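> Below is the sequence, then the predicted model.
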2 protein chains.
Amino acid sequence: MSQTHQNLALVLRDAIQSNNFDNAFAAIKSLRPVDLADVLEELEPSLGWRLLERLPSRAEVFTYFEPEQQVRLAREFPRATLAALVSEMPADERTDLFKRFDQNQRDMLLPALAHAEREDIRKLSSFVEGTAGALMTSDYAMLKKDMTVAQAMAYLRDEAPDAETIYQAYVVDEQRNLLGVVSLRDLILADLNKSLQDLMTSDVVRALVTDDQEDIAKKIARYDLLALPITDEEGVLVGIVTYDDAMDVVSEEVTEDIHKSAGVSTIIGNLKDASIGLLYRKRVFWLVLLVFGNLFSGAGIAHFEDIIAANIVLVFFLPLLVDSGGNAGSQSATLMVRALATGEVVMRDWLYLIGREALVALALGVTMAAAVSILGYIRGDEVIALVLALSMVSIVMIGCMIGMSLPFVLSKFNFDPASASAPLITSVCDAVGVVIYLFIAAHFLADVSIA
Amino acid sequence: MSQTHQNLALVLRDAIQSNNFDNAFAAIKSLRPVDLADVLEELEPSLGWRLLERLPSRAEVFTYFEPEQQVRLAREFPRATLAALVSEMPADERTDLFKRFDQNQRDMLLPALAHAEREDIRKLSSFVEGTAGALMTSDYAMLKKDMTVAQAMAYLRDEAPDAETIYQAYVVDEQRNLLGVVSLRDLILADLNKSLQDLMTSDVVRALVTDDQEDIAKKIARYDLLALPITDEEGVLVGIVTYDDAMDVVSEEVTEDIHKSAGVSTIIGNLKDASIGLLYRKRVFWLVLLVFGNLFSGAGIAHFEDIIAANIVLVFFLPLLVDSGGNAGSQSATLMVRALATGEVVMRDWLYLIGREALVALALGVTMAAAVSILGYIRGDEVIALVLALSMVSIVMIGCMIGMSLPFVLSKFNFDPASASAPLITSVCDAVGVVIYLFIAAHFLADVSIA
């Protein structure tokens, strides 16, 4: 929300409170719907609503509100006005709003809607979240294959669908089986008497209503589509997913992956609006699990208690060594998880990548060993420096191997590779690092004490 | 690359080697350009090229090859054929290819191109990487404001620009100043005799040629645009950025942010193709820096050496406590970095968020303290349990505060908040955690020994 929008909100509040709607309209004249929604969200729902209901573009502005705000605003609306607004919304947005309503609001709204709209809501809301069905809209243009180009264009003109759907029209038979697609570009470039059957592309990129929304988004990006037609198992056209909804899915999935990388289960909705309870629940699981996971590091330390007691200097370098393994391992895991998510890397690349990673890890380990052995020599002696150097190389190499392999292993067993989070990798590498470090220390320091 | 594509590549190799191009064409007839590129990438460049040069859609297929593969293939082409192919490519792709060529290849290619194309390459390649200028294309339709709808449609039909650019046409004056935009939808719905001046939207969403590519992508997503017109400082139209290029930018920026979250500087290009040297250089900086950063943890431990020597059991819990602070802090930082990147959260939300975070951190800390004090009681006694519980709550709370604040502080001083990486947070939290833990331990364990 920019400063301009905040100032505008103040002006609007005054104008609406004094019923001066001419002033209010003048102030927002040059705003685009998405910007107007930003401004109206700053006002109290009852005030915002009084301006909104007078706007010709009210349904479009309304769709840009945050979901929580939509539900809050809807409570302010008289039933008839809410029904009118809902009828003007695109079918997919309308269904999303309806799914957020409680039972009371649903019961209140449904009888006020036309039969076709009720049916549409019922159908669209029946699909599982995260599938093409839950993402698609029923606003699209259908043409018949025996239409001419002139007829098709006249039909599109009359139906005047939304800007985002007029550019692709779908050719179907009597049973709505998807036969082909024609773009508005094809139509305006073609002879007016040509039949759609001869013009259409019959090999249509399509998806099933049960397909995962992530696959839908990937298909739209891969084939640079404006919209992807969705069919049921029999090939009957049931909806389309538009590219802008696909972009939103990509952004959601990325947020999910990024949150997982820090061991946070997905948060639904805007971070700013999340409650303390929700944030607690989404974060506590991995944190507590890793507390118990760290028992292994502790057990490792307990096993080598005598050598530590005899060489307290070892403790000085403990956090450094175990951190380094975790850091290097997290890097490997992060690179791999992202490459798997974008499709740059697939399962069969595993052997090549693990080989290359071993060489990268060796180079990293040797560099870090050089750094740490200088510190060890200053603080201790040349034996400590040797112990630290050997430990560092081993810990970094093993950390990287774990970090690189875990996403592949998770993927192999059909878990989300993004679960190979930094906290998990860190904790695993810690336990392994402690054991390696103290094992090497025990070996060399025992030798020295004998000597 | 799917199994089908691999099999197809084998069939194609045989067909091309035996000069049986009819068979080769039959095999790829139903493939879309992006899929065909996938298959051809599996073949040796010289073989792939022999099929590619015979394809009507060769320029489009070529644009789908990986950048390295494009350069490799281009070396196989006779000069005249390469020039013809380059001429058929979209202006932005052509420029990207040219920028990847070495001086020899450029000197060889340029004289074979038409004057207008040479000029176009020279202009487009002069913009700084990461700006709108480097992302935009010069393939778009320009109309005059005194044209009628019928004239505009006739013009668009004749020019027949690419599918992705015909849907938005830009109205300019003699000096190419951007006056307005009309969509193909506006045109086909309007009266044929209407003038563009009356039809066009004159309040055009636009961007400057020097704008950051991330802002370009955000604008395209915010206003659901198919293309965004780019002007110079004087308002002269110099290019457009299409939505599919914006989607690619979003994906690149996300990869950059994710890599930074693990302390990896950005890798240019595909992970699979990255060399060992490149990977080493991109990863070593943070790892070595953090080795030295860990000196602070070490110094903290050195300060409390006596208390550790007297209570070796403290070492047992050291990795667990410092990890927990780092883990909780990484979660906070990750949530915040992503929310700042998507724009869910802005600077002025800082005070509210830090307050809420304190409460979430307290709840998380108490839960984790309960878990760790049970372990402490089993392994030690009730004083150890108390020391662990108090340390855990303090460390988790301070870790979360650091994790939440660092991205804001970085953002405030115009650094990328994504630099608040998990390794950095972990290392900072470790140093702080060690001091807190041993300070609390010194206090209570000293008390006990006096009693």
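Arrived safely. Residues are numbered from 1 along each chain as shown, chains lettered A, B, ... in the order given.
> Get me the contact residues on the stretch 351-451 of chain A for chain B.
A:352-353, A:356, A:359-360, A:363-364, A:367-368, A:371-372, A:375, A:379, A:396, A:422-423, A:426-427, A:430, A:434 (C-beta under 8 Å from any C-beta of the partner chain). From N, CA and C alone the C-beta is placed, and that goes for glycine too.
> could you redo the last one with a cut-off of 10 Å?
A:352-353, A:356-365, A:367-372, A:374-375, A:379, A:392, A:396, A:400, A:403, A:421-427, A:430-431, A:433-434 (C-beta under 10 Å from any C-beta of the partner chain).
> So A:Leu228: helix, strand or coil?
Counting by DSSP: H, G, I helix; E, B strand; the rest coil, the backbone at A:Leu228 sits in strand.
> quick one, what contacts it?
By C-beta atoms under 10 Å, 6 or more residues apart in numbering or on different chains, the contact set of A:Leu228 is A:132, A:135-136, A:168, A:204-207, A:211, A:216-217, A:219-220, A:239-243, A:245-246.
> mind checking how far it is from A:Arg222?
Counting by C-beta to C-beta, to the nearest Å, the gap from A:Leu228 to A:Arg222 is 10 Å.
> A:Ala84 too?
From A:Ala84 to A:Arg222 the distance is 40 Å (C-beta to C-beta).
> hey, where'd the helices end up in the stretch 101-250 of chain A?
A:103-109, A:115-124, A:132-135, A:149-159, A:163-166, A:184-189, A:196-199, A:213-222, A:243-261 (DSSP state H, counting those that start in this stretch).
> Single out the most deeply packed of these.
helix A:132-135 (a mean of 24; mean count of other C-beta atoms under 10 Å in any protein chain shown).
> Can you check the pLDDT for A:Ala420?
Per-residue pLDDT puts A:Ala420 at 70.
> didn't it look like it was pressed against A:Met404?
Yes: between A:Ala420 and A:Met404 there is a contact at 9.5 Å, judged by C-beta atoms under 10 Å.
> more neighbours, the two?
A:Ala420 (30 against 24; other C-beta atoms under 10 Å in any protein chain shown).
> How about the contacts made by the more buried one?
Contacts of A:Ala420 (C-beta under 10 Å, 6+ apart): A:260-261, A:329-330, A:332-334, A:336-337, A:340, A:402-411, A:428.
> any idea how far A:Glu129 is from A:Asn327?
Counting by C-beta to C-beta, the gap from A:Glu129 to A:Asn327 is 36 Å.
> In the stretch 201-350 of chain A, where is pLDDT below threshold?
A:266-269 (pLDDT under 70).
> just the strands in it please.
A:207-208, A:227-231, A:237-242 (DSSP state E, counting those that start in this stretch).
> tell me what whichever strand or helix holds A:Pro423 is packed against?
In this structure, A:Pro423 sits in helix A:422-450 according to DSSP states H and E. The contact analysis (3 or more C-beta pairs under 10 Å, 6 or more residues apart in numbering or on different chains; DSSP states H and E) places helix A:422-450 against helix A:243-261, helix A:276-293, helix A:295-303, helix A:305-310, helix A:313-342, helix A:382-412, helix B:318-342, helix B:422-450.
> Please point out which parts of that helix sit buried.
Buried residues in helix A:422-450, counted by 16 or more other C-beta atoms under 10 Å in any protein chain shown: A:422-438, A:440-442, A:445.
> Taking helix A:313-342 as reference, get the angle to it.
150 degrees (axes from the mean of the first three to the mean of the last three C-alpha atoms, to 10 degrees).
> Looking at A:Glu129 and A:Asn327, which one has more neighbours?
A side-by-side neighbour count of A:Glu129 and A:Asn327, using other C-beta under 10 Å, places A:Asn327 first with 32 against 10.
> Do I have it right that that one meets B:Phe285?
No: using C-beta under 10 Å, A:Asn327 is not in contact with B:Phe285; the gap is 11.7 Å.
> what do the two both touch?
Joint contacts of A:Asn327 and B:Phe285 (C-beta under 10 Å, 6+ apart) are B:Gly263.
> Pull the contacting residues for A:Asn327.
Counting by C-beta under 10 Å, 6+ apart, A:Asn327 has contacts A:364, A:368, A:396, A:399, A:403, A:422, A:425-426, A:429, B:262-263, B:283, B:286-287, B:290-291, B:294, B:421-424, B:426-427.
> Could you rerun that using 8 Å?
Neighbour list for A:Asn327: A:Gly399, A:Thr426, B:Gly263, B:Trp286, B:Leu287, B:Leu290, B:Pro423, B:Thr426, B:Ser427 [criterion: C-beta atoms under 8 Å, 6 or more residues apart in numbering or on different chains].
> if we can go back for a sec, could you pull out the residues contacting both of A:Ala420 and A:Met404?
With C-beta under 8 Å, 6+ apart, A:Ala420 and A:Met404 have common neighbours A:Ala333, A:Met336.
> Between the contacts of A:Asn327, which sits nearest A:Ala154?
Top of the list for closeness to A:Ala154, among those and by C-beta to C-beta, is B:Gly263 at 60.6 Å.
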